[in-house]
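[1] predicted model and sequence follow; I will ask about them next.
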Amino acid sequence: QVQLVESGGGLVQPGGSLRLSCVASGRIFSSDVMGWYRQAPGKQRELVATITNGGETNYADSVKGRFTIFKDIGKNIIDLHMHSLKPEDTAVYYCNNRHTIESGNYWGQGTQVTVSS
């Protein structure tokens with residue numbers, strides 16, 4: 001099992017910035033892929049960004065150039081730095097850890113991000 005604890009989020013005005021953090025613990029492998037997904041009301045959960053221990057990143061087109069994902073490998077923490085936020089970024093953001101060497105896909109409890117004036 002993997003436990004994921006998220007922090008950050010909140011209310012921000014359009015054009016503002018926020019940082020999300022996620023700490024992973026439990027059965028974690030160096031080959032795991034960690035990342036952030038989001039789900040807006042009435043929409044499906046979608047990928048925001050992922051990162052590997054090797055530093056490979058993947059971003060949704062809608063956030064490229066505005067969001068950056070970081071990983072502290074030693075502490076199993078990932079951060080998502082979000083800039084130039086737009087109202088359409090409003091969603092519940094979920095931390096995710098996915099095993100690649102055995103089955104296992106884990107989610108955090110989610111944290112609300114609201115972009116509104």
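    Perfect, thanks for sending it.

[2] where's the closest residue to residue 25 other than its chain neighbours relative to residue 77, distance?
    In this structure, residue 25 finds its nearest non-sequential neighbour in residue 3, 4.9 Å apart by CB to CB, 6 or more residues apart in numbering. Glycine gets a C-beta too; all of them are placed from N, C-alpha and C. Residue 3 is 13 Å from residue 77, where distance means CB to CB, to the nearest Å.

[3] what do the two both touch?
    Residues touching both residue 3 and residue 77 by CB atoms under 8 Å, 6 or more residues apart in numbering: residue 24.

[4] surely residue 21 forms part of a helix?
    No - counting by DSSP: H, G, I helix; E, B strand; the rest coil, residue 21 falls outside a helix, being strand.

[5] look up phi and psi at the residue most central in space within the chain.
    What sits nearest the mean C-alpha location of the chain, by CA atoms, centre = their mean, is residue 36, with 2.2 Å. Dihedral angles of residue 36 (phi, psi; degrees, to the nearest 10) stand at phi -120, psi 140.

[6] residue 89 now?
    The phi/psi pair for residue 89 (degrees, to the nearest 10) is phi -80, psi -10.

[7] picking up where we left off before, give me the element the closest residue to the residue nearest to the centre of the chain other than its chain neighbours is part of.
    Nearest non-adjacent residue to residue 36, counting by CB to CB, 6+ apart: residue 48, 4.3 Å away. Here residue 48 sits within strand 46-52, counting by DSSP states H and E.

[8] report the strands that pair with that strand, each with its relative direction.
    Strand pairing for strand 46-52, using DSSP bridges, gives strand 33-39 (antiparallel), strand 57-59 (antiparallel).

[9] could you report the neighbour count for the nearest residue in space to residue 77 that is not next to it in sequence?
    Excluding its sequence neighbours, the residue lying closest to residue 77 (CB to CB, 6+ apart) is residue 23, at 5.2 Å. Residue 23 is flanked by 16 other residues according to other CB atoms under 10 Å.
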